[in-house]
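J.: Curious how this folds, go ahead:
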Amino acid sequence: MGSIDETVAKSLGLPASTSGVYISKVIHDSPAAKSELQRGILSKKIDGKNVTESKDVQDIVRSHKVNDILHVMVLRDNALKAMAVTIGQYPVTQKTMTTRGPGDSEDD
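T.: Numbers count the residues shown, from 1 in each chain. Down below sits the predicted model:
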């Protein structure tokens, strides 16, 4: 995900004044992929709030619970389109897993 600046807007064939967040990657089988969000789509609004940088998107997503539905306005094929995205469980990776020390149990 990345913010749209004049250079990015021009490279996408959009007016330099275009604002929003560019989707640079969609993880296979993720809630975004299941909702048909695709790489290259420009997100303009989520739940009626303007998004102009990645942090805006992260803040909105974090303010919701798993299974909540976000209403996303995207620019796709030069047309604004409304999409619904269901919040999924945050994936567990090596970075997000906690480490246990000797003697620690799963119940702690």
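J.: Centroid-nearest residue for this structure?
T.: Centroid-nearest residue in the chain: Val57, 5.9 Å away (criterion: Cα atoms, centre = their mean).
J.: right, and that residue touches Lys44 too?
T.: No: counting by Cβ atoms under 8 Å, Val57 does not reach Lys44; the two are 11.1 Å apart. C-beta coordinates here come from the backbone N, C-alpha and C atoms, glycine included.
J.: quick one: common contacting residues for these two?
T.: Residues within reach of Val57 and of Lys44 at once, by Cβ atoms under 8 Å, 6 or more residues apart in numbering, are Val51.
J.: So in this protein, which helix runs the longest?
T.: If you go by DSSP state H, the chain has its longest helix at helix 54-62.
J.: Name the residues of the next helix or strand after it that are buried.
T.: Following helix 54-62 in sequence order, the next helix or strand is strand 69-76 (DSSP states H and E). Buried residues in strand 69-76, counted by 16 or more other Cβ atoms under 10 Å: 70, 72-75.
J.: Closest to Ser19 out of these?
T.: Nearest to Ser19, judged by Cβ to Cβ, of those is Leu75 at 10.2 Å.
J.: give me every residue that touches that closest one.
T.: Residues counted as contacts of Leu75 (Cβ under 8 Å, 6+ apart) are 14, 18, 20, 41-42, 44, 81.
J.: Which residues does it form beta bridges with?
T.: Note on Leu75: beta-bridge partners by DSSP bridges are Leu42, Leu80.
J.: Contact partners for Gly48?
T.: Gly48 makes contact with His71, according to Cβ under 8 Å, 6+ apart.
J.: Next, it: phi, psi?
T.: Per-residue torsions, Gly48: phi 80, psi 0 (degrees, to the nearest 10).
J.: Next one: it from Arg39, what distance?
T.: 25 Å (Cβ to Cβ, to the nearest Å).
J.: Can you list the low-confidence ranges for the chain?
T.: The chain contains residues with pLDDT under 70 at 90-108.
J.: Strands along that one, start to end?
T.: Assigned by DSSP state E, the chain shows strands spanning 2-3, 21-22, 42-46, 49-50, 69-76, 79-86.
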